[in-house]
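Q: A predicted structure for the sequence below; I have some questions about it.
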Amino acid sequence: MNQYNTYPFPKAANNIEGVFYITREKNRSRKFSFKKIPLPSLPEQQPLNELIINDNFNQNVNGRVYINNSNYTFLTKDLDLSIQVEDGGYIIGNAYRFPGSPINEDDHNFKWWITIEHVIPAQAIYGTPGMLLFTGDSWSHIHRLLDKKYKGKKLLGWYHTHLFGATDEDGLSIMDKNLHTRFLPLPWQVALLININQYKERELRCYQRTPQGRFLKTPFNILDS
């Protein structure tokens with residue numbers, strides 16, 4: 001059998017999202033490389049401060065987070081969440097950079113702000129009382145939604161639960177931080193943490209990663225609409 005016509009994987013492998021086959025040319029060696037395409041810069045815009053109900057901007061971080069009141073109520077009261085195992089999903093909306101901020105998102109002086117507009121429960125996740133696993137199918141699903149249903153919006157981050165009351169010492173776990181750093185590497189992508197205590201009461205907290213790689217609690221601003 002001609003080695004150049006041999007395909008070592010079953011044909012069904014071609015149907016998996018993100019998989020593509022690079023053919024080999026017989027008796028010819030050609031070098032090729034992959035080049036990372038830079039993302040377009042965020043649009044520059046001033047926040048609409050007149051809509052803010054409470055503005056607690058943390059001056060120690062580079063980003064500001066806005067969430068409308070309906071989504072805040074959804075996350076803290078109405079969203080169907082398991083109280084047996086950790087649960088989670090994604091947040092979608094718009095991202096901007098502050099006027100005068102550097103365009104380069106790797107710049108330590110890059111300043112940004114986001115508006116959380118949609119809360120999407122994740123599919124194909126596996127939770128335990130102390131851990132949550134997002135699978136490849138879960139990430140593929142949210143990116144398909146972005147391409148089809150929420151075109152023009154951005155994946156602003158994720159949310160997940162901890163099944164105990166919130167304390168100053170207990171925030172994101174090491175595993176949470178590793179997952180965020182690997183799959184949500186942009187500076188304006190945040191993590192929302194929902195603590196659920198024994199009385200089923202919820203407390204919502206927000207974390208962003210600083211240019212130095214630290215995760216800091218970020219007070220969010222609630223919009224009236």
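A: Arrived safely. All values reported here derive from a predicted model rather than from experimental measurement. Residues are numbered from 1 along each chain as shown.

Q: and the gap between the residue at minimal distance from the centre of the chain and L145?
A: Ranked by distance to the mean C-alpha position of the chain (CA atoms, centre = their mean), the top residue is G157 at 2.0 Å. G157 sits at a distance of 15 Å from L145 (criterion: CB to CB, to the nearest Å). Where you see a C-beta, it was placed from the backbone N, CA and C, and this is true even at glycine.

Q: kindly report the same for A122.
A: Relative to L145, A122 is positioned 11 Å away (CB to CB).

Q: stretch 204-222 - what's its average pLDDT?
A: Taken as a whole, stretch 204-222 has a mean pLDDT of 92.

Q: for that stretch, which positions count as buried?
A: Applying a neighbour-count criterion of 16 or more other CB atoms under 10 Å, one finds R205, C206, Y207, Q208, R209, F215, L216, K217, T218, F220, N221, I222 buried in stretch 204-222.

Q: ok, A122 and L145, which is more surrounded?
A: A122 (21 against 18; other CB atoms under 10 Å).

Q: ok, the closest residue to that one other than its chain neighbours - contacts?
A: For A122, the nearest residue in space outside its immediate sequence neighbours is G89; the separation is 4.2 Å by CB to CB, 6 or more residues apart in numbering. With contact set as CB atoms under 8 Å, 6 or more residues apart in numbering, G89 has these partners: V119, I120, P121, A122, W158, Y159, H160.

Q: counting neighbours, which of those end up buried?
A: The neighbour-count test (16+ other CB under 10 Å) marks V119, I120, A122, W158, Y159, H160 as buried among those.

Q: sorry, back to before: after the helix or strand that the residue nearest to A122 is a member of, next one along is what?
A: Of the helices and strands defined by DSSP states H and E, G89 is found in strand 88-97. Reading on from strand 88-97 to the C-terminus, the next helix or strand found by DSSP H and E is strand 112-121.

Q: tell me the helix or strand right after that next one.
A: As assigned by DSSP H and E, the chain's next helix or strand after strand 112-121 is strand 125-128.

Q: for the record, mean pLDDT for the strand holding G89?
A: The pLDDT scores in strand 88-97 average 97.

Q: now that strand against strand 112-121, angle please.
A: For strand 88-97 against strand 112-121, the angle between stretch directions is 160 degrees (axes from the mean of the first three to the mean of the last three CA atoms, to 10 degrees).

Q: thanks a lot, catch you later.
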